[in-house]
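> Dropping a prediction and its sequence here:
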Protein chains: 2
Amino acid sequence: MKQYINPKARDWDALMERPTANYKDLKPLVEQVFLDVKSKGNQALTDYTLEFDKQKTTSFTVEYEAFERAEKHISSELKKAIQLAKKNIESFHRAQKTDIVSVETQSGVECWQEKRPIEKVGLYIPGGSAPLFSTILMLAIPAKIAGCKEIVLCTPPSKAGKVPDVILYTAYLCGVTQIFRVGGIQAIAAMTFGTETIPKVFKIFGPGNQFVTVAKQMATQHHVAIDMPAGPSELLVVADQSANPAYVASDLLSQAEHGADSQVILITTYYPILEKVSGEIKKQLPLLPRKEIAMQAIKNSKMIAFNSNEDAIAFINQYGPEHYIICVEEQDLYVGQVMNAGSVFIGNYTPESAGDYASGTNHTLPTNGYAKQYSGVNLDSFLKQMTFQKISKQGIQNLGPSIELMAEAEGLQAHKNAVTLRLNDLNQ
Amino acid sequence: MKQYINPKARDWDALMERPTANYKDLKPLVEQVFLDVKSKGNQALTDYTLEFDKQKTTSFTVEYEAFERAEKHISSELKKAIQLAKKNIESFHRAQKTDIVSVETQSGVECWQEKRPIEKVGLYIPGGSAPLFSTILMLAIPAKIAGCKEIVLCTPPSKAGKVPDVILYTAYLCGVTQIFRVGGIQAIAAMTFGTETIPKVFKIFGPGNQFVTVAKQMATQHHVAIDMPAGPSELLVVADQSANPAYVASDLLSQAEHGADSQVILITTYYPILEKVSGEIKKQLPLLPRKEIAMQAIKNSKMIAFNSNEDAIAFINQYGPEHYIICVEEQDLYVGQVMNAGSVFIGNYTPESAGDYASGTNHTLPTNGYAKQYSGVNLDSFLKQMTFQKISKQGIQNLGPSIELMAEAEGLQAHKNAVTLRLNDLNQ
């Protein structure tokens, strides 16, 4: 990792630069797949699954029996671990339920806000080297608590043409209503338009490679919402003499193993920790199975020492990390002043892995600085709020004259008239 | 308005079609303006304001003195009306504040969720025939309650090169921190990139014409969030024998006067009301100053009678109206079963105008069927939620083994290692 000592504010922007991908090249391909899935439905899914995944399939539905078989193939230890994670994620997301907000803003004018579930949601779970069943926990559990009626999951078939057992088990456990063995652009297109088999959904969630990322962007042009814009995963650790350098190194590496484009940043006001953590990384890195990936990510990553907490905090807020670990003596200062972060991990015994899997918080978080304006996935991601109002005769008599004046000042006479008609009747 | 009696479900999609605009043609222009504003800053704003608004200006900032002058030019009645609206909108949006959600998901594992303000927000207020100051109330009030530090407002100069007094007065009253006299694509680009004068913001809110709509879409490709996708405004009324046909007609017309592309739909299970409302529209329409616009909108609008409440409700939910007025005897049924709507107005004395201006609810709402997956603007639109966690030694000992198992099953050894290191130390 490159080291920077007390960089000037004018150099911060450069230090904050994320690896940027240019997805423009992928747009024509994604557009073509969308067109084909829209017009040809399942046939296009079959064609593209053959082309991209080298799988011959005409049936995308995973039948109930497959769940039962899957359950038998998973160790009871792993099942217990998944169940524990589920319990924690459930209790944290259930606590996010809010009551109806009801206010009589003035006499006879009742206003209230209620949240109702997004009826149909689609979860995308990538395939690839390992089955990312933890993301199912993070998406299906709040969808279920929110009361979404249809929770559709798409995931690419493995090389054997199947969906991994642990994906099936977790999906079933968490209340996914339908699973389809289809991945990539064609899966996102299928959930966007619907096919003979796969239902159209209103909002699509979940991570994916560059093709899936562009496909999700494209989906938003066809009346579908998405969870948030995607980018490579990232971690920022702030550490001082109270931090354990071996733990810090292990946390940085856990982020680095995600991908060569992962972002890892260490911030400190205690300069000696830079060398200590570097030494620990050198020790731990060679032992990792994914060391090639982690090494590339570490190469592009940065260690930055600042003279003051103020500068460190200002830098961190300007960066807006997805994951943010705080291992410093002045913990309260750093926790209190964080303005922009996806999820915050506090103290030496709170590794990012805890939130990635099982503590209860969600791991679907804004990357690439989007923590400045986006929330991570939470219960509200599966709900939309609606407002209601009910005005009595007395209420419109109280409020009406103000509405008339304002509508007139905006030049909207019919808006005024809707009130005037009622007031005239009531004042007779 | 065209009448449809008990249409078959297979014909519903066609009945629900909104006027669609094809904005593709505008993209090259918007892209060019964005490029220029990014590279040339204020100079580009000056150039495009001359080109599009026919105004020569090099200074975009509205000075404090202008507020003081503006206040003097507004009638005390209108000021009182705006202040009443402000009070109601404030009390409804302040009630939406939520507490920190904190859960000890298992012994030693503390998780909590906190909302913090989006630091910099931009509000766009269109110019045109009349100054839409009501939208400032709807955007600046919740921004202020949320605690946004910078609340920037851009609005095009009038023909006299000024910002209308009522815009200045309302903006100042509601806590807008900076006002700039610049509109259209160049204003959205300025808030996206920042210029020498106008700050870059993190999220842009507000309505606008087709150019502004495309510019807001473009902004999302440059790290800026927007309130929601835009579309023409719309109203659906469900009415039966308990409704007052004159009131229903006045509500439909208040929506229709917004624009020729406004959508107006009347649904009923009581067939005779169709003729009664048609008669009232014929009476009221010719008296409106904006009758040409309203007439076009009414021409494209629909009256639909259904045989049953079930069908009517299913249709309404599939349509997902922005504004939804319920004037029926079985009010509770219709209120209880609405799944997709922006804002709901209940009873004969609750015209849409009330929510448009002064009752307290927000008028920035999802159109074009987006009520299926988007909330209207509310307090949370100006906040983002972050999660926090703090795990004790005991906590990681309780939770750690499950994390290790799950990380291993996902093939992420470094994730596991971050836990194992800590557990090894603690178990020594």
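Looks like it arrived, so ask away.
> ranges for the strands of the stretch 151-300 of chain A?
Counting by DSSP state E, counting those that start in this stretch, the stretch 151-300 of chain A has strands at residues A:178-181, A:203-205, A:225-226, A:234-239, A:263-268.
> Could you export the ones you listed as TSV, including mean neighbour count and mean pLDDT?
To be clear about C-beta, it is placed using only N, CA and C from the backbone, and glycine gets the same treatment. As requested, the strands of the stretch 151-300 of chain A are exported to TSV (neighbours: other C-beta atoms under 10 Å in any protein chain shown; pLDDT from 0 to 100):
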stretch	mean neighbour count	mean pLDDT
strand A:178-181	23	96
strand A:203-205	26	98
strand A:225-226	22	97
strand A:234-239	26	97
strand A:263-268	26	96
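> Next, format these as a markdown table and append distance to chain B.
Output for those, formatted as a markdown table (distance: least, C-beta to the nearest C-beta, whole Å):
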| stretch | distance to chain B |
| --- | --- |
| strand A:178-181 | 18 |
| strand A:203-205 | 5 |
| strand A:225-226 | 4 |
| strand A:234-239 | 11 |
| strand A:263-268 | 11 |
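> Quick one: closest of those strands to residue B:149.
Smallest distance to residue B:149 across the strands of the stretch 151-300 of chain A (C-beta to C-beta): 21.8 Å, for strand A:234-239.
> which regions of the stretch 201-350 of chain A lie under the pLDDT threshold?
For the stretch 201-350 of chain A, no stretch has pLDDT under 70.
> any idea how far the lengthiest helix in chain A is from the chain center?
If you go by DSSP state H, chain A has its longest helix at helix A:76-94. Put simply, helix A:76-94 sits 19 Å off its chain's centre (C-alpha atoms, centre = their mean, to the nearest Å).
> Need the contact partners of that helix.
If you take C-beta atoms under 8 Å, 6 or more residues apart in numbering or on different chains as the criterion, helix A:76-94 is touched by A:71, A:133-134, A:137-138, A:141-142, A:145, A:166, A:169-170, A:173-174, A:357-362, A:378-379, B:101, B:103, B:105-106, B:109, B:111, B:113, B:399, B:401-403, B:405-406, B:409.
> what would the strands of the stretch 151-300 of chain A look like in TSV with distance to residue B:7?
Below are those laid out as TSV (distance: least, C-beta to C-beta, whole Å):
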stretch	distance to residue B:7
strand A:178-181	29
strand A:203-205	28
strand A:225-226	28
strand A:234-239	52
strand A:263-268	54
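> Figure out which of those strands is closest to residue B:96.
Closest of those to residue B:96 is strand A:225-226, at 20.9 Å (criterion: C-beta to C-beta).
> Regarding the nearest residue to residue A:411 once chain neighbours are set aside, what is its secondary structure?
In this structure, residue A:411 finds its nearest non-sequential neighbour in residue B:130, 3.4 Å apart by C-beta to C-beta, 6 or more residues apart in numbering or on different chains. Classification of residue B:130 by DSSP: H, G, I helix; E, B strand; the rest coil places it in coil.
> Quick check: can you list the domain ranges of chain A?
The record's domain parsing of chain A by automatic domain parsing lists A:2-18+A:232-360, A:23-231, A:393-427.
> Let me see the confidence value for the residue nearest to residue A:411.
You'll see residue B:130 listed with a pLDDT of 77.
> Test my guess that it contacts residue A:413.
No. Applying C-beta atoms under 8 Å as the test, residue B:130 and residue A:413 come out as separate, 10.4 Å apart.
> Of those two, which one has the most company?
residue A:413 (20 against 16; other C-beta atoms under 10 Å in any protein chain shown).
> What are the phi and psi values at the more buried one?
Dihedral angles of residue A:413 (phi, psi; degrees, to the nearest 10) stand at phi -70, psi -30.
> got a list of what it touches?
Residues near residue A:413 by C-beta under 8 Å, 6+ apart: A:407, B:257, B:288, B:289, B:290.
> now with 10 Å?
Taking C-beta atoms under 10 Å, 6 or more residues apart in numbering or on different chains as the criterion, residue A:413 is in contact with A:407, A:420, B:253, B:254, B:257, B:287, B:288, B:289, B:290, B:291, B:294.
> try residue A:63
Contact analysis of residue A:63 by C-beta under 10 Å, 6+ apart lists A:69, A:179.
> So which residues of the stretch 1-150 of chain A form helices?
A:12-16, A:27-40, A:42-53, A:64-72, A:76-94, A:134-146 (DSSP state H, counting those that start in this stretch).
> rewinding a little: could I get the domains of chain A as CSV with distance to residue B:282?
Formatted as CSV, the domains of chain A follow (distance: least, C-beta to C-beta, whole Å):
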stretch, distance to residue B:282
domain A:2-18+A:232-360, 56
domain A:23-231, 32
domain A:393-427, 14
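> On the three-state scheme, the residue most central in space within chain A is what?
Nearest to the geometric centre of chain A sits residue A:364, at 3.1 Å (C-alpha atoms, centre = their mean). At residue A:364 the chain is in coil, as set by three-state DSSP.
> Identify the contacts common to residue B:130 and residue A:413.
Common contacts of residue B:130 and residue A:413, defined by C-beta under 10 Å, 6+ apart, comprise A:407, B:290.
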